[in-house]
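I need the structure of the sequence given here:
(one chain, ligands or ions: 1)
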Amino acid sequence: MRKPPQLLTDNLSLSYGKERAFEGVNLTVHSGEITALIGPSGCGKSSFLNCLNRLQEMIPKAVLQGEVYLNQSNIQTFDPLELRRRVGMLFQKPTPFPLSIIRNLTFPLREHGVRNRSQIDEIVETTLQQVGLWEEVKDRLQSPALSLSGGQQQRLCLARALALKPEVLLMDEPCSALDPMASEVVEDLITQLRGSYTLVVVTHNLAQAQRIADQVGLFWVQEGTGKLIEFGERDRVFNSPQHPLTEAYLTGKRG
Ligand SMILES: Nc1ncnc2c1ncn2[C@@H]1O[C@H](COP(=O)(O)OP(=O)(O)OP(=O)(O)O)[C@@H](O)[C@H]1O
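As a prediction, this is how the structure comes out:
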């Protein structure tokens with residue numbers, strides 16, 4: 001029998017003041033799977049993603065309705081810092097701290113109470129190896145993170161998230177600000193994380209969604225607000241969509 005979902009949203013809606021960004025979203029994500037969220041611009045994908053680790057709370061006008069459960073616990077019951085350790089985030093534009101390469105990893109670890117020097121050194125090396133950066137940066141760990149290329153910065157941000165041993169990683173168009181080669185490297189890393197982490201990835205790139213996803217959800221603006229109009233296993237969604245708009249979107253006729 002399949003295990004209970006790792007992440008579940010129950011009738012989730014978000015408004016910015018009077019504007020409804022999305023409404024009534026029910027989504028279930030199982031452990032180790034990659035879920036891709038696709039859809040035209042402005043249909044609420046990023047807003048939805050932000051709600052999964054309560055980042056929307058940073059936006060004063062944002063009002064959330066409905067519930068999000070992580071391993072069957074309502075995320076409102078979590079300490080936000082601990083929630084964001086367990087549910088990490090990677091943004092479209094790389095967001096390294098304006099610190100050295102190594103401090104980008106050691107700073108959050110210390111914030112989360114990891115103090116043992118040899119443990120920190122081990123996590124730094126392991127996570128940089130995990131994202132294929134160790135050989136590139138091991139001799140210049142004290143250099144500014146902002147001196148790295150865009151692709152390297154994105155991999156450093158991924159290493160920073162992985163260092164905190166998250167269960168879920170949210171990714172908002174993680175490859176779309178990168179050049180094609182860097183994008184390919186990051187996409188390969190994403191697929192290597194399958195099985196070990198649960199990933200929810202917003203992407204505009206349908207071919208990428210088809211390559212990486214186990215499950216696909218399509219958001220669409222209907223009656224002035226974003227809705228999840230199709231959700232299911234990748235091959236089912238791509239080969240026999242249930243909603244006519246899904247077919248129109250996937251074949252390029254709409255969106
Ligand atoms: N901080 C904000 N304050 C007010 N409105 C916002 C805010 N962020 C997003 N919105 C609005 O919410 C709606 C959904 O936007 P959102 O960015 O979530 O969509 P999206 O599908 O991720 O779009 P894109 O693919 O272009 O990033 C849009 O109408 C947008 O203008």
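
Quick one: name the residues of the stretch 51-200 of the chain near the ligand.
I59 (CB under 6 Å from any ligand atom). From N, CA and C alone the C-beta is placed, and that goes for glycine too.

By proximity to the ligand, which residue of the stretch 51-200 of the chain wins?
Nearest residue of the stretch 51-200 of the chain to the ligand (CB to the nearest ligand atom) works out as I59 at 4.8 Å.

contacting residues for that residue?
Neighbour list for I59: Y16 [criterion: CB atoms under 8 Å, 6 or more residues apart in numbering].

Kindly state the pLDDT recorded for it?
With respect to pLDDT, I59 has a value of 95.

Regarding the spatially most central residue of the chain, what are the backbone dihedral angles?
Centroid check for the chain by CA atoms, centre = their mean gives L170 as the closest residue, at 1.7 Å. Phi and psi for L170, reported as degrees, to the nearest 10, are phi -100, psi 140.

partner residues bridging it?
Note on L170: beta-bridge partners by DSSP bridges are M89, V200.

hang on, it packs against N53?
Yes - look at L170 against N53 with CB atoms under 8 Å: they come within range, at 6.4 Å.

Okay, strands next: where are they in the stretch 151-255 of the chain?
168-172, 198-202, 215-222, 225-233 (DSSP state E, counting those that start in this stretch).

now the ones you listed in JSON lines, with mean pLDDT and distance to G113?
Output for the strands of the stretch 151-255 of the chain, formatted as JSON lines (pLDDT from 0 to 100; distance: least, CB to CB, whole Å):
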{"stretch": "strand 168-172", "mean pLDDT": "97", "distance to G113": "20"}
{"stretch": "strand 198-202", "mean pLDDT": "97", "distance to G113": "23"}
{"stretch": "strand 215-222", "mean pLDDT": "96", "distance to G113": "34"}
{"stretch": "strand 225-233", "mean pLDDT": "97", "distance to G113": "37"}
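
For H112, find the nearest of the ones you listed.
With CB to CB as the criterion, H112 lies closest to strand 168-172 of the strands of the stretch 151-255 of the chain, at 15.9 Å.

What is the closest one packed up against?
helix 45-51, strand 87-90, strand 198-202 (3 or more CB pairs under 8 Å, 6 or more residues apart in numbering; DSSP states H and E).

From the chain's centre, how far out is the shortest one? Work that out for me.
This points to strand 87-90. Relative to the centre of its chain, strand 87-90 is centred 6 Å away, using CA atoms, centre = their mean, to the nearest Å.

Next: the longest one.
The chain centroid and the centroid of helix 45-51 are separated by 9 Å under CA atoms, centre = their mean.

Could you find the closest non-adjacent residue to L228?
V25 (4.7 Å; CB to CB, 6 or more residues apart in numbering).
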